[in-house]
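Visitor: have a look; sequence and predicted model below, questions after that.
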Amino acid sequence: MASRRRPNSLEDGQLVDNSYEPRVYARRWWILGVFSLLSCQQSCLWITFSPIAESTIRFFNTTEDVVTLQLAFGCLFYLPVVFLVSYALGRNELGLRHVVIIGAVVDAAGAAVRLLALRDPLGAGSMWIISFGQILDALIGPVVMTVPPQLSAVWFP
């Protein structure tokens, strides 16, 4: 769709040029969809064990405190990581694209690590392996929570 010219208007006693109208590209919606899927994946991985706590306790032969800790990792790691993510988003060397790509890779790594625990679910280290995967997922929580405003500013001006 080509840019359309709109007439100038008077706002607060100042003549405002309304001649610019942004073009809408399908790529914008693709980027939004991909980021939304990353956000959904991170949220699903984060909340996995809380709704099925009793089944998790029986399957992995663990305690309720350990299962609750899996959810708490998101809250525990949010505060220290959100400052790093905000700093990285503001830097020209990193920026939005690299922060989201790094976040997606770390989230996928967290999911892969959690799968390793299924090789021996009753083994002594299975919940430690799952906890490490949950921590990787928790590190991405600030990415999916702080990126949307910048994503909308960059891709939907």
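Guide: That came through, no problem.

Visitor: could you use CA atoms for every contact and neighbour count after this?
Guide: Fine.

Visitor: ranges for the helices of the chain?
Guide: 26-47, 53-60, 64-90, 95-116, 126-155 (DSSP state H).

Visitor: just name the most buried of those.
Guide: Ranked by mean neighbour count, those are led by helix 126-155 with a mean of 19 (mean count of other Cα atoms under 10 Å).

Visitor: apart from its chain neighbours, what residue comes closest to S126?
Guide: Computed as Cα to Cα, 6 or more residues apart in numbering, the closest residue to S126 that is not its neighbour in sequence is A117, at 4.7 Å.

Visitor: so that neighbour touches I130, yeah?
Guide: Yes: applying Cα atoms under 8 Å as the test, A117 and I130 come out as touching, 6.2 Å apart.

Visitor: still on that earlier bit, need the helices of the chain in JSON lines with mean pLDDT, can you?
Guide: Converted to JSON lines, the helices of the chain look like this (pLDDT from 0 to 100):
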{"stretch": "helix 26-47", "mean pLDDT": "92"}
{"stretch": "helix 53-60", "mean pLDDT": "90"}
{"stretch": "helix 64-90", "mean pLDDT": "92"}
{"stretch": "helix 95-116", "mean pLDDT": "93"}
{"stretch": "helix 126-155", "mean pLDDT": "92"}
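
Visitor: I130 and G103, how far apart?
Guide: 18 Å (Cα to Cα, to the nearest Å).

Visitor: cool, I47 as well?
Guide: According to Cα to Cα, I47 stands 18 Å off from G103.

Visitor: how about V81?
Guide: In terms of Cα to Cα, V81 sits 12 Å off from G103.

Visitor: again with N61
Guide: 31 Å.

Visitor: thinking again about what came up before, can you count the residues close to the residue nearest to S126?
Guide: Applying other Cα atoms under 10 Å, we find 20 residues neighbouring A117.

Visitor: where does it land on pLDDT?
Guide: pLDDT for A117: 87.

Visitor: spit out the contact partners of it.
Guide: By Cα atoms under 8 Å, 6 or more residues apart in numbering, the contact list for A117 reads 125-127, 129-130.
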